[in-house]
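1. Compute the structure for the input listed below.
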Amino acid sequence: MHQLRGRVGRGRERAYSYFLYPQERPLTETAHERLATIAQHSELGAGMYVAMKDLEIRGAGNLLGGEQSGHIAAVGFDLYVRLVGEAVAEFKDEGKAVRPETKVELPIDAHIPHDYIESERLRLEAYKRIASIESDEGVDEVRAELLDRYGDLPEPVANLLDVARFRTVAAATGVAEVTAQGNFVRFAPVELPESGQLRLQRLYPKSLVKPAVRTILVPRPTTATIGGQPLRDTELLKWATKLVADVLTQEPLSTST
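-> The predicted structure is shown next:
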């Protein structure tokens, strides 16, 4: 929408862009936040502010994924060249395939506050650093680096690192997507043998297995069986980590963060 707004009023002609939505349909929190961001940044050169806010809203999970687009400068020339090199090597069957990125879209307050890293360039650099984490050791290295450069981690940054740690756990099992979907949490792609499906139903009743689309839908946990609120933030992340350990791996995984 921000890019569309930038396509009007070329040259000497002044133009206006109006974005309308049905009054009878309530806006989601994310949609409202995106509209507010566009409304607050209408000055020339505001694209960076909008892009940074979009990154914070969506999280860094797909920073380098297929759903992102942009110029080489967005990820850095060296990293761009390495990614292209790895893709060419995989196509030529020269070396191991690159592990697919795991997208995590759960209700977790995970971002880098402006008052923690004030510089937009450094904040984006930190997001890219976290997005490139592929192991527990990588999480610990980035945590130590942030502590050393910027001080104690605020809760949203600690949550962001916890998400990165969970991504490595999920990626190790081949899961490429963990997303909240209504009253369920969706894990895909997942192929469970019959024994695995029985274990899933025993440990997580009312789960749905959809072999045709290689997906499982697990009821989202709540704070109480009756009248409880859906879990979110680190509690939901711990639950998802335990599910991966219980159902998708042979050996139990640590849920400590």
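
2. Give me the residue ranges of the stretch 101-250 of the chain where confidence is low.
-> Under the criterion of pLDDT under 70, the regions of the stretch 101-250 of the chain flagged as low confidence span 250.

3. Can you get me the start-to-end distance on stretch 128-146?
-> For stretch 128-146, the separation between the terminal residues is 13 Å (C-alpha to C-alpha, to the nearest Å).

4. And it, what's buried?
-> 128-133, 138-139, 142-143, 146 (16 or more other C-beta atoms under 10 Å). To be clear about C-beta, it is placed using only N, CA and C from the backbone, and glycine gets the same treatment.

5. So for Arg129, what's the nearest residue that isn't a sequence neighbour?
-> In space, not counting the residues next to it along the chain, Arg129 is nearest to Val142; the distance is 5.6 Å by C-beta to C-beta, 6 or more residues apart in numbering.

6. ok, and what's touching the longest helix along the chain?
-> Looking only at the chain and at elements set by DSSP state H, the helix with the highest residue count is helix 155-172. Residues lying outside helix 155-172 but in contact with it, judged by C-beta atoms under 8 Å, 6 or more residues apart in numbering, are 59-61, 99-102, 104, 106, 108-113, 116, 130-131, 133-136, 138-139, 142-143, 146, 153, 178, 187, 233-234, 237, 240-241, 244-245, 249, 253, 257.

7. Same check on stretch 198-218?
-> Residues outside stretch 198-218 that contact it (C-beta under 8 Å, 6+ apart) are 181, 184-192, 197, 219, 243, 246-247.

8. picking up where we left off before, alpha carbons of the longest helix of the chain, in PDB - could you do that?
-> What follows is the C-alpha trace of helix 155-172 in PDB, where atoms were taken according to Å, rounded to 0.1, in the frame of the first residue of the first chain:
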ATOM      1  CA  GLU A 155      11.700  -8.900  27.000                       C
ATOM      2  CA  PRO A 156      10.800  -8.500  23.300                       C
ATOM      3  CA  VAL A 157      14.400  -9.100  22.200                       C
ATOM      4  CA  ALA A 158      14.700 -12.100  24.500                       C
ATOM      5  CA  ASN A 159      11.500 -13.400  22.900                       C
ATOM      6  CA  LEU A 160      12.900 -12.800  19.500                       C
ATOM      7  CA  LEU A 161      16.000 -15.000  20.300                       C
ATOM      8  CA  ASP A 162      13.700 -17.700  21.800                       C
ATOM      9  CA  VAL A 163      11.800 -17.700  18.400                       C
ATOM     10  CA  ALA A 164      15.100 -18.100  16.600                       C
ATOM     11  CA  ARG A 165      16.000 -21.000  18.900                       C
ATOM     12  CA  PHE A 166      12.600 -22.700  18.200                       C
ATOM     13  CA  ARG A 167      13.100 -22.200  14.500                       C
ATOM     14  CA  THR A 168      16.300 -24.300  14.700                       C
ATOM     15  CA  VAL A 169      14.500 -27.000  16.600                       C
ATOM     16  CA  ALA A 170      11.600 -27.100  14.100                       C
ATOM     17  CA  ALA A 171      13.900 -26.900  11.100                       C
ATOM     18  CA  ALA A 172      15.800 -30.000  12.300                       C
END
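
9. Use 137 as the first number for this chain going forward.
-> Okay, using 137 as the starting number, the last item reads as helix 291-308.

10. Tell me which residues of it come out buried.
-> By 16+ other C-beta under 10 Å, the buried positions in helix 291-308 come out as 292-308.

11. would Arg285 count as being in a helix?
-> Yes: going by DSSP: H, G, I helix; E, B strand; the rest coil, the assignment for Arg285 places it inside a helix.

12. I'd like to know how many residues surround it.
-> Residues within reach of Arg285, counting by other C-beta atoms under 10 Å, total 10.
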